[in-house]
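*Asks:* Prediction below, plus the sequence it came from.
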Amino acid sequence: MILLYVTTHDRTPVILAVNRRFPYAGDVDGDAQLVVDFLNTFDTETGHDELANHDSWEAWAASRGLPPAGSLATARAARHALRGAAGDDNSDARRFAVEVLVGVVDGVPQTVARDAAAAVLAAAARVSEAGRWSRVKLCAADTCRWAFVDGSRNRSRTWCSMDVCGNRAKARSFRARTRRP
Ligand SMILES: [Zn+2]
């Protein structure tokens, strides 16, 4: 097995030193959804944080069938870096790296993460390698910042939900446009 690092570099998760002769053909939608779920372990609107303590982090990782949770500090740092990579201006972390292994497991070339945070970062790197990182977004509403996967054809989705944040913004701009002096 070759040791490699998964890192965020200039706001893009990348796998360093990967052998590009193997095109990734896995479940990139599942990877993207895992990353989004991880980003949403912090809820900006309510302040609820599933990484507030080790027990809740462990429960989150176990409920998704990930490797053992590992360090809470690493998980929080990984989330901070990934939220920055998804466009969160409150995150100034430009670089963050964990170790994963890459090799052939059960006859398939793949990355092997030692803990849950590494598994999420590896998933983020696969999304990026597949050219899909720009689809991982945070809701444009400052009070929301909920992460979602933009499945629209032209990658133009701005809001977590048109019903909630989209309509709130539309109502605001309508009021602004129709306001009389
Ligand atoms: Zn929203």
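*Replies:* Thanks, I have the structure now. Here the structure is a predicted model, which is why all the values come from computation and not from measurement.

*Asks:* ok, now how distant is the closest residue to Leu138 other than its chain neighbours from the ion?
*Replies:* Nearest non-adjacent residue to Leu138, counting by C-beta to C-beta, 6 or more residues apart in numbering: Arg145, 4.8 Å away. Where C-beta positions appear, they are placed from N, C-alpha and C, glycine not excepted. Arg145 sits 7 Å away from the ion, going by C-beta to the ion, to the nearest Å.

*Asks:* And for His48?
*Replies:* 15 Å.

*Asks:* lowest-confidence helix or strand of this structure?
*Replies:* For the chain, the helix or strand with the lowest mean confidence is strand 2-9, at a mean of 52 (criterion: mean pLDDT, DSSP states H and E).

*Asks:* what number of residues lie near the closest residue to Asp49 other than its chain neighbours?
*Replies:* If the residues on either side of it in the chain are set aside, Asp49 comes closest to Phe42, at 5.0 Å by C-beta to C-beta, 6+ apart. The burial count assigned to Phe42 is 20, neighbours taken as other C-beta atoms under 10 Å.

*Asks:* ok so, going back, name the SS class of the residue nearest to Leu138, please.
*Replies:* Taken by DSSP: H, G, I helix; E, B strand; the rest coil, the conformation at Arg145 corresponds to coil.

*Asks:* now Ala97
*Replies:* Judged by three-state DSSP, the three-state class of Ala97 is strand.

*Asks:* Next, give phi and psi for the residue nearest to Asp49.
*Replies:* Comment: the main-chain dihedrals of Phe42 come out as phi -110, psi 120, following degrees, to the nearest 10.

*Asks:* what's near enough to touch the closest residue to Asn40 other than its chain neighbours?
*Replies:* In space, Asn40 comes closest to Ala147 once its chain neighbours are excluded; the distance is 5.1 Å by C-beta to C-beta, 6+ apart. For Ala147, the contacting residues are Val35, Val36, Leu39, Asn40, Arg83, Ala86, Val136, Lys137, Leu138, Cys139, Cys160, by C-beta atoms under 8 Å, 6 or more residues apart in numbering.

*Asks:* Please repeat the previous calculation with a cut-off of 7 Å.
*Replies:* With contacts defined as C-beta atoms under 7 Å, 6 or more residues apart in numbering, Ala147 is in contact with Val36, Leu39, Asn40, Ala86, Val136, Leu138.

*Asks:* hey, what's it bridged with?
*Replies:* When bridges are assigned using DSSP bridges, the partners listed for Ala147 are Leu138.
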